[in-house]
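**Student:** let me see the structure of the following:
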Amino acid sequence: MERSWRYLIPSILTALYLILCIYAHYYYLYPLLLVGNLLNIYWGEFKNTELSDELRFFYRSKTSYYLKCVNAVVLLGLIIWGTFFVDKANFSWGHLLGFSVTTGLLTGCFIVTLAHDLLHSKSKLQKTLSVLLLTVSGIPHFATEHVFGHHRYIGLKEDATTAKLNEDFYTYFFKVTFSNLKESFLTQYGLPGYLRRRVLFANLKMLGLLAMTWILIFFFAQNPVAAIVFFMLQGFVSYVLYELINYIQHYGLHRRDKREEISQQLSWNCYYKYTNYLLFLLPLHSLHHLPDKSRRTTNLKAGPRMPYLYFMMIAMALLPPIWFYKMNRLAMRYNPTQS
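**Tutor:** Numbers count the residues shown, from 1 in each chain. Okay, the predicted model is just below:
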């Protein structure tokens, strides 16, 4: 039971955010999130002996299945509520910007990471929830890009989402944005013809769902401009945050060619319990990419370790000289042949 409620932390923080918005100020969320990181010290890291049991609970238990669905409904409610809140709040443009960015941070941290997990589920309900979450976060094409692009090509030069050594985040962001749009809607990752048609149809269907959402907001909102600005801006912020997370998770780690097996050495990991509960085990990223049979390895903490917590890594990635100074030397330990 103790472990179960910890996976509801995103929903608990979302509920606290709603209360702050209604009775106080949305920007109180920032100190709340910073203080929450103290739980990383209190709970500490997963021990290697704990990880197998944690992965089994998260990916295979009925309790975890229902916890994920509850989180999905709560987080969808956040964006629906936020749209109505903006529509009736008569925000100034400054407050609209601040509220949209703050909500987008929650969207990027909670909604995209949960959608990422549900995307790999075999449950039709969870896959549907994943599509809805990706729609409200403004990146519907993520569903096919992640499965047919990133997971197939991780660590290879064909994978735009694996940042190269000395590639700053801003260059990476524009490169990966155009690459993913091209692959999603034009080339479909070099798949066979029948799969290309399925991928294109899926992307167009999800894009249509996003467009329909904009249209519904426009026609039914009392203040449609503010409501649409909020919906689009929080989605954009969540997308930037998602790409930041992709950037820091794979920076400078690569495979030489397709014959080299996917291993734990292709992702940077964070093993702190609180951060993993908050981000639905996404920080155990090497283990996410491993084939199921490879997760039986005796050392589940063998992957490259992030030197700092996620929020510090993200702040560092936005300052390329500092990022390169710290991360290039670490990346070279795992890819000594890079130049």
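
**Student:** grab the nearest non-local neighbour of the residue lying farthest from the centre of the chain.
**Tutor:** Farthest-out residue of the chain from its mean C-alpha position, per Cα atoms, centre = their mean: Q222, at 31.8 Å. Nearest residue to Q222 in three dimensions, chain neighbours excluded: D87, at 5.5 Å (Cβ to Cβ, 6 or more residues apart in numbering). Quick note: C-beta positions are derived from backbone N, CA and C, even for glycine.

**Student:** can you tell me the helix or strand for that neighbour?
**Tutor:** In the assignment (DSSP states H and E), D87 maps to helix 62-89.

**Student:** now do the buried residues in that helix.
**Tutor:** 64-65, 67-69, 71-72, 74-76, 78-79, 81-83, 85-87, 89 (16 or more other Cβ atoms under 10 Å).

**Student:** for it, packing partners?
**Tutor:** The criterion is 3 or more Cβ pairs under 8 Å, 6 or more residues apart in numbering; DSSP states H and E, and the helices and strands that helix 62-89 contacts are helix 2-6, helix 9-23, helix 48-60, helix 93-106, helix 112-119, helix 124-136, helix 224-250.

**Student:** what about it, average pLDDT?
**Tutor:** Across helix 62-89, pLDDT averages out at 94.

**Student:** ok, which of the helices and strands packed on helix 62-89 comes nearest L279?
**Tutor:** helix 112-119 (4.8 Å; Cβ to Cβ).

**Student:** could I get the CA-only coordinates of that closest one as PDB?
**Tutor:** C-alpha atoms of helix 112-119 as PDB (Å, rounded to 0.1, in the frame of the first residue of the first chain):
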ATOM      1  CA  VAL A 112       3.700  13.200 -21.500                       C
ATOM      2  CA  THR A 113       5.600  10.800 -19.200                       C
ATOM      3  CA  LEU A 114       2.400   8.900 -18.400                       C
ATOM      4  CA  ALA A 115       1.300   8.900 -22.000                       C
ATOM      5  CA  HIS A 116       4.800   7.500 -22.900                       C
ATOM      6  CA  ASP A 117       4.300   4.600 -20.500                       C
ATOM      7  CA  LEU A 118       0.700   3.900 -21.600                       C
ATOM      8  CA  LEU A 119       1.700   3.900 -25.200                       C
END
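
**Student:** now the residue farthest from the centre of the chain: which helix or strand?
**Tutor:** Going by DSSP H and E, Q222 is not part of any helix or strand.

**Student:** what's the pLDDT at it?
**Tutor:** 90.

**Student:** what's the distance between it and K88?
**Tutor:** With distances taken as Cβ to Cβ, to the nearest Å, Q222 is found 7 Å from K88.
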